[in-house]
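Enquirer: just the structure for this:
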Amino acid sequence: MGRPIILIVDDDEAIRVLLEGIFNQWGYRTITACGARETLEILKKETPLAVISDIEMPEMNGLELLNEIKKRYPAIKVVMMSGNLLTKDQIQRSLELGASAFVPKPLNLEKLRRIILTISP
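Expert: Model prediction:
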């Protein structure tokens, strides 16, 4: 069995590169996507352990993407992240849509690592 896959979704290339390096160091295989459309195409071919997705993205935001992932692939865990000041209602909405967790930016990498470890098989 190969390394578990983490799919990183963010329209900010610097965040994708940072998280890709960190998850690779932690022993995961990573795939990155810059938006929702690319993510949904990847999910037709790959089954990641988790999707780490930004909320604020062009075209389709992260909450809309989360909703689509959970409709099509309910077993995939999704962790939402955002750099914007979100309300409790917005965080609650992401959890209602099926997010496994929510992580604010700037990212607390140790918290993110603990979240991924709790959803790893």
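
Enquirer: buried ones in whichever helix in the chain runs longest?
Expert: The longest helix of the chain (DSSP state H) is helix 13-25. By 16 or more other CB atoms under 10 Å, the buried positions in helix 13-25 come out as I15, R16, L19, E20, I22, F23. Heads up, the C-betas are built off the backbone N, CA and C, glycines and all.

Enquirer: now for this protein, the helix or strand with the poorest mean pLDDT.
Expert: Sorting the helices and strands of the chain by mean pLDDT, DSSP states H and E puts helix 88-96 at the bottom, at a mean of 83.

Enquirer: list the buried residues in it.
Expert: I91, R93, S94.

Enquirer: not counting its neighbours along the chain, what's nearest the second one?
Expert: Nearest-residue entry for R93: L63, 6.4 Å, with adjacent residues in sequence omitted and distances by CB to CB, 6 or more residues apart in numbering.

Enquirer: how much space is there between the one you found and I55?
Expert: Separation of L63 from I55 (CB to CB, to the nearest Å): 6 Å.

Enquirer: neighbour count for the two, which is higher?
Expert: Taking neighbours as other CB atoms under 10 Å, L63 and I55 compare with I55 leading, 24 against 19.

Enquirer: got a list of what the more buried one touches?
Expert: By CB atoms under 8 Å, 6 or more residues apart in numbering, the contact list for I55 reads N61, G62, L63, M80, M81, S82, N84, L86, Q90, S94.

Enquirer: mind running it again at 10 Å?
Expert: 10, 61-66, 80-84, 86, 90-91, 93-94, 99, 102, 105 (CB atoms under 10 Å, 6 or more residues apart in numbering).

Enquirer: residue ranges with poor pLDDT in this structure?
Expert: 1, 85-87 (pLDDT under 70).

Enquirer: repeat the analysis, applying 80 as the threshold.
Expert: When residues are selected by pLDDT under 80, those of the chain lie in 1, 83-90, 120-121.

Enquirer: relative to the host helix or strand of T32, what are the paired strands and their orientations?
Expert: Using DSSP states H and E, T32 maps to strand 29-33. Strand 29-33 sits in its sheet next to strand 5-9 (parallel), going by DSSP bridges.
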